[in-house]
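*Asks:* One predicted model, sequence on top.
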Amino acid sequence: MTIENGVRALAGSMVLLSVLLTQLVHPAFIWLTLFVGANLLQSAFSGICPAVFFLKKCGCKSTSSDSEK
């Protein structure tokens, strides 16, 4: 799995999990959904995504254009 696909999979999983937790556990879990969305938005503009650091540690490969940076 590439880092780009990993970020999308992780973000999508976190959104689905937080919506499920909001419905089943406590409404305050909506803040997790908002955090994930805000993080995706800021990473689109800054190019910095904290999830990338963890995915690299897990052994995900980056695309050739990312490895040059």
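*Replies:* The structure has been received and is ready for your questions.
*Asks:* for the chain, where's the lowest mean pLDDT among helices and strands?
*Replies:* helix 64-67 (a mean of 54; mean pLDDT, DSSP states H and E).
*Asks:* and the spatially most central residue of the chain, what pLDDT?
*Replies:* The chain has A11 as the residue nearest its centroid, 3.5 Å off, counting by C-alpha atoms, centre = their mean. Listed pLDDT for A11 reads 92.
*Asks:* Please give the element, helix or strand, for it.
*Replies:* For A11, the host element (DSSP states H and E) is helix 3-24.
*Asks:* Now that helix: buried residues?
*Replies:* 3-4, 6-7, 10-11, 14, 18, 21-22 (16 or more other C-beta atoms under 10 Å). Placement of C-beta: from N, CA and C, glycine included.
*Asks:* any idea how far A28 lies from G37?
*Replies:* Remark: distance between A28 and G37 (C-beta to C-beta, to the nearest Å) = 16 Å.
*Asks:* er, P27 I mean
*Replies:* 17 Å.
*Asks:* sorry, back to before: any chance of the buried residues of helix 3-24 in TSV with distance to F53 as columns?
*Replies:* Compiled in TSV, the buried residues of helix 3-24 are given as follows (distance: C-beta to C-beta, whole Å):
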residue	distance to F53
I3	10
E4	14
G6	11
V7	11
L10	12
A11	15
M14	16
S18	21
L21	24
T22	27
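*Asks:* Out of the residues you listed, which is nearest to C58?
*Replies:* C58 has its nearest neighbour among those in G6, at 7.8 Å by C-beta to C-beta.
*Asks:* before we move on, the earlier item: from the buried residues of helix 3-24, which is closest to V52?
*Replies:* Among the buried residues of helix 3-24, and counting by C-beta to C-beta, the member closest to V52 is I3, at 5.7 Å.
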